[in-house]
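Peer 1: next come a sequence and a model predicted from it.
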Amino acid sequence: MIENSLTSRAALPDALRVLVEELPREAWQTHRNHSDLVRFWLERHVMFRRLLKQIRDDARDMLEGEIDAQFYGRKLSRFGGLLVSELHLHHRIEDTQLFPVLMRQDRRLAAGFDILDKDHHAIDDVLHGFAEAANGVLNTPEGSDEFSQACAAVKTQIDAMEPMLNRHLIDEEELVVPVLLKYAPAGLR
């Protein structure tokens, strides 16, 4: 049995990679069915990666005394809130609108969409832990031992979330984009 959990897989199983083998990443941008939807959706993934990096770098800078606590709190509130709210919205749209349509295009890939759905639940759990850690920073007096511990908790949460989210985004891209390019489903262009 192939392990498909987000924390242990190195890639999607070969049986779910049939379309990405046919339509490799290098060919996406020049494909005749490359659309505004594909471009927008991939840009959202880039945004999530940038937000994670920003939050990680800010937490590191705070722990190393490179930035002011108030400035850090404002950045954490802004970027952390954006990451949580936009990921939840992104996943809700995928689960309720995008994935059901794409699954019907190529039934061989249905198990892949089930894996991605499970990923969303695992990511939600990690996002919840991150939000709690971020709220700990925002609700703890600056300069206290508890404040330093709260900042360290944010860094720990981001360090745990980043590889999970990156694995998910890569797998999602390699499943979704080839389906969009090959079948160009009506209503999703």
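Peer 2: Great, that's in hand.

Peer 1: let me see the contact set for Leu138.
Peer 2: For Leu138, the contact set (CB atoms under 8 Å, 6 or more residues apart in numbering) comprises Gly73, Leu76, Ser77. For glycine as for every other residue, the C-beta is placed from the backbone atoms N, C-alpha and C.

Peer 1: which phi and psi values does the closest residue in space to the last one that isn't next to it in sequence adopt?
Peer 2: Taking CB to CB, 6 or more residues apart in numbering as the measure, Ser77 lies nearest to Leu138, with 6.1 Å between them; neighbours along the chain are not counted. The main-chain torsion angles of Leu138 are listed as degrees, to the nearest 10 and equal phi -70, psi -20.

Peer 1: and if you look at Leu23?
Peer 2: phi -130, psi 80.

Peer 1: what pLDDT does the model give it?
Peer 2: Per-residue pLDDT puts Leu23 at 96.

Peer 1: what does the average pLDDT come to for stretch 39-54?
Peer 2: Averaged across stretch 39-54, pLDDT comes to 97.

Peer 1: which parts of it are buried?
Peer 2: For stretch 39-54, the neighbour count (16 or more other CB atoms under 10 Å) marks Trp41, Leu42, His45, Phe48, Leu51, Leu52, Gln54 as buried.

Peer 1: state the distance from the fifth one to Val84.
Peer 2: When CB to CB, to the nearest Å is the yardstick, Leu51 and Val84 sit 10 Å from each other.

Peer 1: cool, the second one as well?
Peer 2: As judged by CB to CB, Leu42 and Val84 stand 21 Å apart.

Peer 1: got a pLDDT number for Glu3?
Peer 2: Glu3 is assigned 68 on the pLDDT scale.

Peer 1: same check, this time on the one 3 residues further on
Peer 2: Leu6 carries a pLDDT score of 91 in this model.

Peer 1: how much space separates Ser8 from Val154?
Peer 2: For Ser8, the distance to Val154 - CB to CB - is 25 Å.

Peer 1: ugh, wrong one, Glu66
Peer 2: Computed as CB to CB, the Glu66 to Val154 distance reads 15 Å.

Peer 1: mind checking pLDDT for the residue most central in space within the chain?
Peer 2: Among the residues of the chain, the one closest to the centroid is Leu165, at 4.2 Å (CA atoms, centre = their mean). Per-residue pLDDT puts Leu165 at 97.

Peer 1: which positions within the helix or strand containing it qualify as buried?
Peer 2: Leu165 belongs to helix 145-183 when elements are defined using DSSP states H and E. By neighbour count on 16+ other CB under 10 Å, the buried set for helix 145-183 is 147-148, 150-151, 153-155, 157-158, 161-162, 164-165, 167-169, 171-181, 183.
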